[in-house]
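In: only the shape, not the letters, is given here:
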C-alpha cells in the first residue's frame with residue numbers, strides 16, 4: 001500500500017480484509033503503522049472493525065509496538081484510541097510501554113502509562129538482593 005490512501009480506500013470499498021497477513025505475519029495496519037502513514041491507519045480503523053488491531057507478526061510485534069518503535073506518536077494515539085491492547089508483548093516479551101521507555105520516547109511512554117493496567121503503571125518492583133556467604 002505504501003501510504004497510497006486512494007489505493008487503500010479502493011481496497012476497503014471492495015471489502016478487502018485489512019486483517020490479512022503476509023508470510024511474516026505483517027498486515028496492512030502494521031505496515032502503515034511502521035511507515036508513519038497516519039491517514040492510512042485512520043482509514044483502516046474507521047472502515048473495518050476487523051482491522052486486525054491486535055494481530056501479531058511472526059516476531060510478536062503488533063501495529064502498536066511497531067508505531068512505538070518508530071516513534072510515531074500520533075499513530076500510537078490513534079491505535080490506543082482504537083482500543084489496541086497495550087499489554088501485548090513481542091516475541092522477546094517487551095510491551096509497547098517498555099519499548100517506548102527504553103527508546104526514550106517520553107510522550108509515547110506517558111500516553112501508554114495512562115492506558116496500561118495498574119501493575120504496569122506502578123513499574124516493576126526491584127528485586128531484593130539475596131545475601132550469600134560471599135556477599136553480605
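Out: Arrived safely, thanks for sending. Computed from a predicted structure; not experimentally measured.
In: so residue 51 sits against residue 43, correct?
Out: No: using C-beta atoms under 8 Å, residue 51 is not in contact with residue 43, being 9.7 Å away. (Each C-beta comes from the backbone N, C-alpha and C, glycine too.)
In: these two: who's more crowded?
Out: It is residue 51, of residue 51 and residue 43, that has more neighbours when counted by other C-beta atoms under 10 Å, with 23 against 20.
In: how close does that one get to residue 16?
Out: As for residue 51, its distance to residue 16 is 11 Å (criterion: C-beta to C-beta, to the nearest Å).
In: my guess is residue 86 contacts residue 95. True?
Out: Yes: using C-beta under 8 Å, residue 86 is in contact with residue 95, at 6.8 Å.
In: check the gap between residue 104 and residue 68 for me.
Out: Residue 104 is 12 Å from residue 68, by C-beta to C-beta.
In: should've said residue 6
Out: From residue 6 over to residue 68 the distance is 28 Å, taken as C-beta to C-beta.
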